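1. predicted model, plus sequence, below.
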Amino acid sequence: MRTILSLAVASILLLSSAFAQDYPTHTITLVTPFPPGGPSDTSARMIVGPMSAALGQQIIVENAPGAGGVIGSNRVAKSKPDGYTLAVSGSGTNAAAEFLNKDLQYRSTDFEQIGLINLSPVVLVARSEIPANTLKEFVAYLKENEKKVTEADAGIGSLSNLACSVFHTVADVHPTVASYRGTPQATMDLVAGTVDFGCNQIINIAQHIKTGKLKAFAVTGDARSPMLPDVPTTKEAGMPAFNLTVWFGLSAPKGTPRPIIEKLSKALDVALADPEVAKRFADLGYDVPSPKERGADYFDKFYKDEVALWAKVLGGLNTDKK
């Protein structure tokens, strides 16, 4: 019986390897679970060209927004694990979602990790008319005007929502939250002054800060961003506990053969090693991880550590206040 099982396993491995050698034979779909124009979508579109060239098959980006990224992520999690449907994974959709939504139809463990794409700090910003110029002054303003102040985010479970949830807890503030279907809409209303503040990635709001349409109080991370050198870190601003890094990665459905994961990981590495791609990410405020810190094995460990981190963080959040 043991011999029969061993032969069966060996046969499966041989078939998987043979399948991977031919892979890919047709177009690959990369699902980004947010609307066009947001950071997830931008990250996807920057890597698909070089990856397509490396694989010899086209990768198309498909936007599947809704429910803070849950709809698109669930679609990939339930897809056939053959390497032809991939996901842009992220802090909110993959590391934190299951701790925010008890009815979530997928789990962080429903994905295989291909590679880490980029990392980015978060900026706490407000409409320019807010009468505060430092983080300390802004927190005081929130405490005095909690019932009047509205925060914008890209949906429950989105990166902006998670970042501001941490801010709420650290600062002990409870503003009204307006959740949108995506980052572009939330940013548009913030710039227009329809809502008062938010937590956003540099890619979305740096230009609005530079033109004076928004004011920035602090940026997360261990160092100031080269894109916003005048904005202090949260530690410099007196709130070191409000510190997190946003990330995007490339993931596949659980059960995708390892040889396919490795082939995709190598293609992603080619894309991230492209000087033009690296420059474009840097110009938008993203950090591209080094070759040793973006492959499948590294990202798998990174991913699991992030899940554990958000389990701990969200365990201390009163999400009912949202």
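-> Structure received. No experiment lies behind these values; they were computed from the predicted model shown. Residues are numbered from 1 along each chain as shown.

2. check contacts around the nearest residue to residue 212 once chain neighbours are set aside.
-> Distance criterion C-beta to C-beta, 6 or more residues apart in numbering; nearest residue to residue 212, sequence neighbours excluded, is residue 128 at 6.0 Å. (C-beta placed from N, C-alpha, C; glycine too.) Residue 128 makes contact with 212, 213, 214, 215, according to C-beta atoms under 8 Å, 6 or more residues apart in numbering.

3. and residue 128, how close does it get to residue 211?
-> Separation of residue 128 from residue 211 (C-beta to C-beta, to the nearest Å): 10 Å.

4. residue 255 too?
-> In terms of C-beta to C-beta, residue 255 sits 48 Å off from residue 211.

5. what's the closest non-adjacent residue to the spatially most central residue of the chain?
-> Nearest residue to the geometric centre of the chain (C-alpha atoms, centre = their mean): residue 90, 3.1 Å. Using C-beta to C-beta, 6+ apart and skipping residues adjacent in sequence, the residue nearest residue 90 is residue 248, 5.1 Å away.

6. who's in contact with the one you found?
-> So residue 248 contacts 39, 40, 43, 88, 89, 90, 116, 117, 118 (C-beta under 8 Å, 6+ apart).

7. what's the spacing between the residue nearest to the centre of the chain and residue 209?
-> For residue 90, the distance to residue 209 - C-beta to C-beta - is 23 Å.

8. one more: residue 150?
-> 19 Å.

9. between the two, which has more neighbouring residues?
-> residue 209 (20 against 15; other C-beta atoms under 10 Å).

10. hey, where'd the helices end up in the protein?
-> 2-22, 39-55, 70-77, 97-100, 135-144, 159-171, 183-192, 202-210, 258-273, 275-283, 296-315 (DSSP state H).

11. which elements pack onto the fourth one?
-> If contacts are counted by 3 or more C-beta pairs under 8 Å, 6 or more residues apart in numbering; DSSP states H and E, helix 97-100 sits against helix 296-315.

12. list the contacts of the helix it packs on.
-> By C-beta under 8 Å, 6+ apart, helix 296-315 touches 89, 91, 94-96, 99-100, 108, 113-116, 162, 165-166, 247, 249, 261-262, 265, 292-293.

13. care to break the protein down by domain?
-> 13-120+245-319, 122-244 (automatic domain parsing).

14. I'd like the ones you listed laid out as a markdown table, including mean pLDDT.
-> Below are those laid out as a markdown table (pLDDT from 0 to 100):
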| stretch | mean pLDDT |
| --- | --- |
| domain 13-120+245-319 | 92 |
| domain 122-244 | 93 |
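
15. ok, residue 255 - contacts?
-> Contacts of residue 255 were listed using C-beta under 8 Å, 6+ apart, and they are 81, 112.

16. related to what we said a few turns ago, compare the helices of the chain and give me the one nearest residue 226.
-> helix 275-283 (8.2 Å; C-beta to C-beta).

17. show me what counts as buried in the closest one.
-> 277, 278, 281 (16 or more other C-beta atoms under 10 Å).

18. residue 285 contacts residue 202, correct?
-> Yes. With contact defined as C-beta atoms under 8 Å, residue 285 counts as touching residue 202 (3.3 Å).

19. many thanks, have a good one.
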